[in-house]
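Asker: I'd like to go over a predicted model; first the sequence, then the structure.
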Amino acid sequence: MATQKIEWNAKLKGVWDKTYFSLDFDIHKTVTEQEKYRKDIIENDSSLAENEKNFLFNEFQKVYDALRIGYNSVEKQQCNNCQNWHQATQYCEFCIRKYLENNFGNWTSGNSEIDKLIQECQQTTVSPVRVIEWISYDQFENINYLSKGGCATIYTAIWKDGGYNKWNSERQILERSGRHLIVLKRLNHSNNNNVRWFQEVTLSFTLDDTSEFLASCLGLTKDPTTQDYMLVSIYYNNDLRHFLKDNYQSLTLLEKYQISDNVYSLGIILWEVITGKTPFSDHEFNSDSDFALAIINGYRPKLYKNVPYEYATLMKQCWDANPDNRPDAETISKKLNSLIQSLYNEMDKQQEPTINNSKSNLTKDKSSEKIQTSKVYKFNISAQPRNATEEEQLEYETKQFDLEIPEVDREYGIAGPSNLEELKTFCCQNRIADIRTNNFP
């Protein structure tokens, strides 16, 4: 009888997550030690069948082969083909890079800077599934509009050939996945000399190489009609806000913690994950500038009593008006991991924790809530950001706060030159442009 194909499911994902969040990085400091620790947990898990264990081992191999590269402490093997000493176990990273280099003459974006950037990325490739490419626009079909933000327009499409997904060591070639659904992100105004869009491309390419947890960027293309460049990314069948809207009541507290991985915006996202609500959706302002001023004056989402104390404290630290008081990314990561580990410990005692939603208004019908999209605003506001007092926050929550707006230019989209630098600084610190939506460009 044919062996049943194993695919990701809730059980396997739960085991996978547990192996990661139970890691003590002070003890398991190297990639090799971390890999062994996680594999040992899988091996000793009596709830897993042999084919499930083998599936997870293979997935570990994919992840850790990419992570191994660049670590001097990792054992190396000599490649039979190129004779280089490679660190991956399932392929030779040097052979992949040589294959890509030999293909440089077969493509061009028409822009020497973009060609150079893609070539540099390909020469640091760590995995067959993490190759940045220039993709001809005629490779895409069934292009459909999906959404629009402040700086980009999003489409879905079918990539006919698909991206690279496997290294064939016998034939010494990269093999493609075949047709699959992807996302095209049109970078507005990328057909001019504005450097911002190129900075986003560079960041998307270089960040993707550093973490398995980021939304993967596959490459770049160009719309021949508008001449705008478009980032090509993996398609995910949901986004955070729609996911919470559809699934909030069925999520455990542990799952809500794991979803939350700018620091101010992270504080807002933490609130949205734990409550399942759209931030500020229950408060109407007379204008966008009134809303912006309320944020400057310290207005924040309501902290419900049944939100765990440690979680609520972290949220408040993240959205402190003074950026110097906000925790850095490493501190946030450690605190969230600590919260998740404590919940896993409770699970081991068969005490799965959940929020008792029956005693709060978090269970209200959210069908009437709007699904916000990102917008970019500029305001001529001279006020300095501050934290609200408890009394002011309560007044905001009960909609009794009477705004006093000093020196506000209410004309949408225009920032007066007298305090432009001040406004730029504030926007960088607080990302006021997208406070309501968390959908940052």
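Answerer: Looks like it came in fine. Since this is a predicted model, take the numbers as computed values, not measurements. Residues are numbered from 1 along each chain as shown.
Asker: show me how the record splits this structure into domains.
Answerer: Structural domains annotated on the chain: 10-68, 108-234, 240-434, as defined by automatic domain parsing.
Asker: Lys76: which of those is closest?
Answerer: Across the domains of the chain, Lys76 has its closest neighbour in domain 10-68 (9.2 Å, CB to CB). (Glycine included, C-beta is placed from N, CA and C.)
Asker: before we move on, what SS does Val183 have?
Answerer: When classified by DSSP: H, G, I helix; E, B strand; the rest coil, Val183 comes out as strand.
Asker: count the residues that sit near Pro323.
Answerer: When neighbours are defined as other CB atoms under 10 Å, Pro323 has 15 of them.
Asker: how much space separates it from Leu293?
Answerer: Pro323 sits 19 Å away from Leu293, going by CB to CB, to the nearest Å.
Asker: again with Asn188
Answerer: Distance, Asn188 to Leu293, using CB to CB: 27 Å.
Asker: ok, now Gly267?
Answerer: Gly267 sits 19 Å away from Leu293, going by CB to CB.
Asker: neighbour count winner among these two?
Answerer: Between Gly267 and Leu293, counted using other CB under 10 Å, Gly267 has the larger neighbour count: 25 against 21.
Asker: ok, the more buried one touching Gln317?
Answerer: Yes: under the criterion of CB atoms under 8 Å, Gly267 makes contact with Gln317 at 7.5 Å.
Asker: okay, strands next: where are they in this protein?
Answerer: Using DSSP state E, the strands found in the chain span residues 77-78, 85-86, 133-134, 140-148, 152-159, 164-168, 173-176, 180-187, 217-222, 229-234.
Asker: distance to Glu33 added to those strands, as TSV?
Answerer: Compiled in TSV, the strands of the chain are given as follows (distance: least, CB to CB, whole Å):
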stretch	distance to Glu33
strand 77-78	19
strand 85-86	20
strand 133-134	34
strand 140-148	42
strand 152-159	38
strand 164-168	26
strand 173-176	31
strand 180-187	35
strand 217-222	30
strand 229-234	30
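Asker: highest average neighbour count across those?
Answerer: strand 217-222 (a mean of 23; mean count of other CB atoms under 10 Å).
Asker: can you name every helix or strand that that one contacts?
Answerer: Contacts defined by 3 or more CB pairs under 8 Å, 6 or more residues apart in numbering; DSSP states H and E place strand 217-222 against helix 112-122, strand 133-134, helix 196-208, strand 229-234.
Asker: could you dump these into JSON lines with mean pLDDT and distance to Tyr299 added?
Answerer: Listed next are the helices and strands packed on strand 217-222 as JSON lines, based on pLDDT from 0 to 100; distance: least, CB to CB, whole Å:
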{"stretch": "helix 112-122", "mean pLDDT": "90", "distance to Tyr299": "41"}
{"stretch": "strand 133-134", "mean pLDDT": "94", "distance to Tyr299": "45"}
{"stretch": "helix 196-208", "mean pLDDT": "68", "distance to Tyr299": "29"}
{"stretch": "strand 229-234", "mean pLDDT": "90", "distance to Tyr299": "34"}
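Asker: give me whichever of the ones you listed is most buried.
Answerer: Ranked by mean neighbour count, those are led by strand 229-234 with a mean of 21 (mean count of other CB under 10 Å).
Asker: elements contacting that strand?
Answerer: Partner elements for strand 229-234 (3+ CB pairs under 8 Å, 6+ apart): strand 180-187, helix 196-208, strand 217-222.
Asker: sheet partners, orientation included, of it?
Answerer: Applying DSSP bridges to the sheet, strand 229-234 is found paired with strand 180-187 (antiparallel), strand 217-222 (antiparallel).
Asker: now that strand, how far from the centre of its chain.
Answerer: Relative to the chain's own centre, strand 229-234 is displaced by 15 Å; criterion: CA atoms, centre = their mean, to the nearest Å.
Asker: which parts of the stretch 1-150 of the chain are helices?
Answerer: Shown for the stretch 1-150 of the chain, the helices assigned by DSSP state H, counting those that start in this stretch span residues 10-21, 31-43, 50-68, 93-102, 112-122.
Asker: mind putting the ones you listed into CSV with distance to Trp159?
Answerer: Converted to CSV, the helices of the stretch 1-150 of the chain look like this (distance: least, CB to CB, whole Å):
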stretch, distance to Trp159
helix 10-21, 26
helix 31-43, 31
helix 50-68, 21
helix 93-102, 18
helix 112-122, 17
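Asker: between the ones you listed, which gets nearest to Leu336?
Answerer: Smallest distance to Leu336 across the helices of the stretch 1-150 of the chain (CB to CB): 9.4 Å, for helix 10-21.
Asker: got the contact list for the closest one?
Answerer: Around helix 10-21, the neighbours that count as contacts under CB atoms under 8 Å, 6 or more residues apart in numbering are 6, 37-38, 41-42, 45, 47-48, 52, 55-56, 59, 258, 337, 340-341, 344.
Asker: run the last query once more with 6 Å
Answerer: Applying CB atoms under 6 Å, 6 or more residues apart in numbering, the contact partners of helix 10-21 are Arg38, Ile41, Ile340, Gln341, Tyr344.
Asker: contacting residues for the nearest residue to Tyr145 once chain neighbours are set aside?
Answerer: Leaving aside its chain neighbours, Tyr145 sits nearest to Tyr155 (5.7 Å; criterion: CB to CB, 6 or more residues apart in numbering). Contacts for Tyr155 were tallied using CB under 6 Å, 6+ apart; they are Ile143, Tyr145, Leu146, Leu184.
Asker: same question, Gly163
Answerer: Neighbours of Gly163 in contact, by CB under 6 Å, 6+ apart: Ser177, Leu218.
Asker: mind redoing it with 8 Å?
Answerer: Applying CB under 8 Å, 6+ apart, we find Gly163 in contact with Val129, Val131, Glu133, Arg176, Ser177, His180, Leu218, Gly219.
Asker: closest to Phe205 among these?
Answerer: Scanning the contacts of Gly163 for proximity to Phe205, where the rule is CB to CB, the winner is Gly219, at 8.5 Å.
Asker: low-confidence regions, the protein specifically.
Answerer: The chain contains residues with pLDDT under 70 at 1-4, 150, 192-197, 206-215, 238-261, 347-382, 399-441.
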